[in-house]
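Participant: I'll drop the sequence and a predicted model, then ask my questions.
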Amino acid sequence: MVSLVEAMRDRAIAADPVVVFSNVPGAPGLARASELGIATEVLDHKQVKPRSVHEAKVIEILKSYEVDLVCLAGYMRLLLPRLVGAFRNRIVNIHPSLLPAFPGLHAQRQALDHGARVTGCTVHFVDEECDHGPIILQAAVPVLEGDTEDSLSARILEQEHRIYPRSVALYFERRLTIERRRVRIAEPDPVGEEP
């Protein structure tokens, strides 16, 4: 979240952060967002039930801020079809593996357990399935001899901080087009050239 906000503040992303939302009261990102002067909203999923009611309220909150793009970062719940549909092709997620390999929880541990020699991270559009939507960008990270889940996670995180802001920038530059399961990235318009 902080990497995205910093990229927006540096104008590497042509957008402004309007709200940081969490379903977990006391999540560290909320305090950090407040320090950065960004509005925060919390809707505890343990207090607002059933899940369909919780997600309807999430949609209401996000729409009240006129959110253009929802960027998931540490939101550890599968989104229901209603929420995905309300922001179709306007929700992105970062995942610590080279999808479609190692979806779901503990991707770094999965890579180690499977003896993978290369893993990485993926930014993708969110659809109704877990870690499944069309891929925007990926970065490969070698699995080193003696790696632990923590050491591998730290190297993957470095790449996440690089490709997540870049993916969001491409979205706001209107350079992403989804064709079935493939995301096409258009070349940037030449600057200063006569038509």
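Facilitator: Structure's in. What do you need? Numbering: from 1, shown residues only.
Participant: what are the C-alpha coordinates of stretch 73-92, in CSV please?
Facilitator: Below are the C-alpha coordinates for stretch 73-92, written out as CSV (Å, rounded to 0.1, in the frame of the first residue of the first chain):
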residue,chain,number,x,y,z
ALA,A,73,-2.8,-5.5,-0.6
GLY,A,74,-3.0,-8.0,2.3
TYR,A,75,-6.8,-8.4,1.9
MET,A,76,-6.9,-12.0,2.8
ARG,A,77,-10.5,-12.9,1.8
LEU,A,78,-11.9,-14.2,-1.5
LEU,A,79,-14.2,-11.7,-3.0
LEU,A,80,-17.7,-12.7,-3.8
PRO,A,81,-19.0,-12.4,-7.3
ARG,A,82,-21.2,-9.4,-6.4
LEU,A,83,-18.1,-7.3,-5.4
VAL,A,84,-16.0,-8.5,-8.3
GLY,A,85,-18.9,-7.6,-10.6
ALA,A,86,-19.4,-4.2,-9.1
PHE,A,87,-15.8,-3.4,-10.1
ARG,A,88,-15.3,-5.7,-13.1
ASN,A,89,-11.7,-5.3,-14.4
ARG,A,90,-11.1,-2.6,-11.9
ILE,A,91,-9.7,-4.7,-9.0
VAL,A,92,-6.1,-5.7,-9.1
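Participant: How many residues are close by residue 168?
Facilitator: 23 (other Cβ atoms under 10 Å). Placement of C-beta: from N, CA and C, glycine included.
Participant: Could you pull up the residues touching it?
Facilitator: 4, 7, 13, 15, 69, 71, 92 (Cβ atoms under 8 Å, 6 or more residues apart in numbering).
Participant: Secondary structure element holding it?
Facilitator: Assignment of secondary structure by DSSP states H and E places residue 168 within helix 149-172.
Participant: Check residue 45 too.
Facilitator: Assigned by DSSP H and E, residue 45 falls within no helix or strand.
Participant: Could you measure from it over to residue 75?
Facilitator: With distances taken as Cβ to Cβ, to the nearest Å, residue 45 is found 10 Å from residue 75.
Participant: so what sits against both of these two?
Facilitator: What both residue 45 and residue 75 touch, as defined by Cβ under 8 Å, 6+ apart, is the set residue 23.
Participant: between the two, which one's more packed in?
Facilitator: Between residue 45 and residue 75, counting by other Cβ under 10 Å, residue 75 is the more crowded of the two (19 against 14).
Participant: Could you say which helix or strand holds that one?
Facilitator: Per DSSP H and E, there is no helix or strand for residue 75.
Participant: wait, is residue 129 part of a helix?
Facilitator: No: counting by DSSP: H, G, I helix; E, B strand; the rest coil, one finds residue 129 to be coil, located in no helix.
Participant: Adding neighbour count as columns, could you present the contacts of residue 168 in TSV?
Facilitator: What follows is the contacts of residue 168, written out as TSV (neighbours: other Cβ atoms under 10 Å):
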residue	neighbour count
4	24
7	20
13	24
15	16
69	15
71	24
92	23
